[in-house]
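K.L.:
Here is my input; please provide its structure:
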Amino acid sequence: MDTNYLIILVLLLGLLASTVPVFMALFFTGSVGLVFMIGIDPQIVIEVLYRSMDKFALVVVLFFILCGNIMTTGSIVQKLIKTANVLVGFLPGGLAMAGVLACGFFGAISGSTVATVVAIGGFMIPALIENGYDEKFSVGIMTTAPNLGIIIPPSIAMILYAMVSNDPIEALFLTGFIPGIMIMAAMSLYAYFYCKRRNYKTLDRPSFKEIIAVLKESFWALCLPLLIFGGIYSGMFTANEAAVVACFYAFFVELFIHKDMKIKDVKQVIVSSSVTSATLLIIVAGASVFGEYLTFEQLPDKIANAVVSQISSPWVFLLAVNIMLLIVGMFMDIISATLILTPIFLPLLSSFGIDTMHFGLLMTINLGIGYCTPPLGVSLYISGAAVDRNLVYVSKAVMPFILIQIAILLILTYWADLVLFLPRLVYG
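P.N.:
Numbering: from 1, shown residues only. Presented below is the predicted three-dimensional model:
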C-alpha cells in the first residue's frame, strides 16, 4: 500500500475511534489528503463544499425529514398504528405484527429508520410489554422492523445513492417495495409462530363495523402514502415535488382536520427538522471532501482493477460485498457509508454485469441492518433507552430478526429479477 494511502487510512480510523464527529473526521482527512498529499489549492476544498450542497436531490431529503416530524408531533402515527392493530391484532402475535405493519406504513412516508424507531418503536415497545409480551422479543422486533423506513420508499438512503449513481430516483424507489413486503411478511410469520407457541393472549376479533370505523378515522393518514406514490408514478409530480406536497398535506391534516397539532407547535417542528437536516448536510459535505480526495487519487479505479483481477464470479463478488457492507454498517452511519462507498463500487458493477439499481437496494439493506448491530447501531441505543437496558441485552434481543433480514438479503442478492421487476414493469 502507498505510504500516503496508509497515512490517510490511519488518520481517518484514528479520528473515528477517538469519537471525533463523523463529518469532521471525513472533512479533515479529505482536506489533509487534498492539500498536503496532492498539493492542490485549499480553495478547491471550499468549492467542493459548495458543490456538495448545491444539489437539487437534497431538497427531497429535507422535506421528508420535515414530513416525518410533522407526523410524529401530530396524530398520524397513532392512527397508522391503530389501523395496523385492527387489521392483524386479533391473530397470535397480532400486536407485534401490527408494530411491523405500522413501521411499513410510517416508512412509506418518512424515509428514515431513526424516525421510524423513535415514532413507532417508542410507542410499541411499552405497549407490547404491557400486553404480556416477552421484553426481549418486544425490544428485538421493534428495533429491527424500523429498518423498513429506508427500504420501503421513499428512502433517504436511496435518494443519496441515486445522487451519486445518477439512477432515476423514481425507478430506484420501486426496487424497495417487494423487499420491504418480504421482510414484513417474514418478521410477521416469526412473530405469529413465536407467540402462538407461547400462547400469548390475543385481542378480540374486531367486527366489520369496528374495522370500518377505524379505517374511517385513519382515512386522512392512510391517504398520505397514496398521495406520494400515486402522484409520483402517475406523472402528476416528481419525487422532489412529492416531498413538498406531502409536507403541506401533513401540515393541513394535522392542523385543520385532526387538530392534534397547534399553531404554536409549528415553530418547534420546523426548528427540529432544521437541526436534523443540518446534521445530515454537514455529513454530506464532509463525505464529499473525502470523496474528492479519492477521485483525485483515482482510488475507485485502482480498487476496481484490483478486485476484478482477484474475483471473476459475480456471485463471489456480491457475497464479498455483502459481508463488507455488513461490517461497515457496524461502525459507520448509512449516509457517510453510502456517499463514500458508492463511487468505489460503481466502476466494479459493469465488470460483473450487475445492475446499479439492484446494487443500490442491496447496499441500502446491508447498511440499514447496521442500525441494529453493535457497537454503533443507533436503533440499539434508542430501544435500550426505552426499556433502560444496556447494549449487550438489546444486541442479543435483535439477533433472530437480524438473521431473518440477512436471509431475505441473500435471496435478493442472487435474484436480481425480483428486485428489478417493478422498475422494469413501470419503465420498461
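
K.L.:
what's the nearest residue to Ile257 if we skip its chain neighbours?
P.N.:
The spatially closest residue to Ile257, leaving aside those adjacent along the chain, is Trp220, at 5.5 Å (C-beta to C-beta, 6 or more residues apart in numbering). Where C-beta positions appear, they are placed from N, C-alpha and C, glycine not excepted.

K.L.:
Quick check: that neighbour touching Leu255?
P.N.:
No: Trp220 is beyond contact range of Leu255, at 11.7 Å (criterion: C-beta atoms under 8 Å).

K.L.:
gap between stretch 125-138 and the chain center?
P.N.:
Centroid displacement of stretch 125-138 relative to its chain, using C-alpha atoms, centre = their mean, to the nearest Å, is 24 Å.

K.L.:
what's the answer for stretch 100-120, then?
P.N.:
With C-alpha atoms, centre = their mean, you get 9 Å for stretch 100-120.

K.L.:
repeat for stretch 32-52
P.N.:
On C-alpha atoms, centre = their mean, the centre of stretch 32-52 falls 30 Å from that of its chain.

K.L.:
what secondary structure does Pro206 sit in?
P.N.:
Pro206 falls in the coil class when you classify it by DSSP: H, G, I helix; E, B strand; the rest coil.

K.L.:
Tell me how many other residues surround the closest residue to it other than its chain neighbours.
P.N.:
For Pro206, ignoring the flanking residues on the chain, the nearest one in space by C-beta to C-beta, 6+ apart is Val86 at 5.2 Å. By the criterion of other C-beta atoms under 10 Å, Val86 has 22 neighbours.

K.L.:
repeat for Leu391
P.N.:
14.

K.L.:
got the contact list for it?
P.N.:
Applying C-beta atoms under 8 Å, 6 or more residues apart in numbering to Leu391 gives the contacts Pro374, Pro375, Leu380, Tyr381, Gly384.

K.L.:
can you rerun that using 10 Å?
P.N.:
Pro374, Pro375, Leu376, Gly377, Leu380, Tyr381, Gly384 (C-beta atoms under 10 Å, 6 or more residues apart in numbering).

K.L.:
what do you get for Thr373?
P.N.:
The neighbours of Thr373, taking C-beta under 10 Å, 6+ apart as the test, are Leu326, Ile327, Gly329, Met330, Phe331, Ser379, Leu380, Ser395, Val398, Met399, Ile402.

K.L.:
Tell me which residues of stretch 391-400 come out buried.
P.N.:
Tyr393, Val394, Ser395, Ala397, Val398, Pro400 (16 or more other C-beta atoms under 10 Å).

K.L.:
who's in contact with the fifth one?
P.N.:
This means Val398. By C-beta under 10 Å, 6+ apart, the contact set of Val398 is 136, 139-144, 369, 371-374, 377, 379-380, 383, 405.

K.L.:
Make a PyMOL selection of the buried ones in the residues you listed.
P.N.:
Command for PyMOL, covering only those of those found buried under the criterion 16+ other C-beta under 10 Å:
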select buried, resi 136+139+140+141+142+143+144+369+371+372+373+377+379+380+383+405
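
K.L.:
for the stretch 51-200 of the chain, which spans come out with low pLDDT?
P.N.:
Scanning the stretch 51-200 of the chain for pLDDT under 70 picks out 56-57.

K.L.:
Revised request: answer the last question for the stretch 251-400 of the chain.
P.N.:
Within the stretch 251-400 of the chain, the stretches with pLDDT under 70 are 300-301, 303-305, 307-309, 376.

K.L.:
what about the helices in it?
P.N.:
263-296, 299-310, 314-331, 334-352, 356-369, 378-387, 391-413 (DSSP state H, counting those that start in this stretch).

K.L.:
Can you add distance to Gly132 and give those helices back as TSV?
P.N.:
Listed next are the helices of the stretch 251-400 of the chain as TSV, based on distance: least, C-beta to C-beta, whole Å:
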stretch	distance to Gly132
helix 263-296	34
helix 299-310	51
helix 314-331	33
helix 334-352	34
helix 356-369	29
helix 378-387	15
helix 391-413	17
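
K.L.:
Just name the most buried of those.
P.N.:
Mean neighbours per residue, mean count of other C-beta atoms under 10 Å, is largest over the helices of the stretch 251-400 of the chain for helix 356-369, with a mean of 24.

K.L.:
rewinding a little: among the helices of the stretch 251-400 of the chain, which is nearest Leu12?
P.N.:
Set against Leu12 and scored by C-beta to C-beta, these come closest in helix 263-296, at 7.7 Å.

K.L.:
Tell me how far the closest one lies from the chain's centre.
P.N.:
That offset, for helix 263-296, works out to 16 Å (C-alpha atoms, centre = their mean).

K.L.:
Check the spacing between Tyr5 and Ser288 real quick.
P.N.:
Tyr5 sits 19 Å away from Ser288, going by C-beta to C-beta, to the nearest Å.

K.L.:
Then Leu91?
P.N.:
48 Å.

K.L.:
looking at it, Val35 is touching Thr29, isn't it?
P.N.:
No: applying C-beta atoms under 10 Å, one finds Val35 not in contact with Thr29, separated by 11.3 Å.

K.L.:
what about the two, which has more around it?
P.N.:
Thr29 (25 against 15).

K.L.:
How about the more buried one: what's its closest non-neighbour residue?
P.N.:
The spatial neighbour of Thr29 that comes closest, neighbours along the chain excluded (C-beta to C-beta, 6+ apart), is Leu12 at 4.4 Å.
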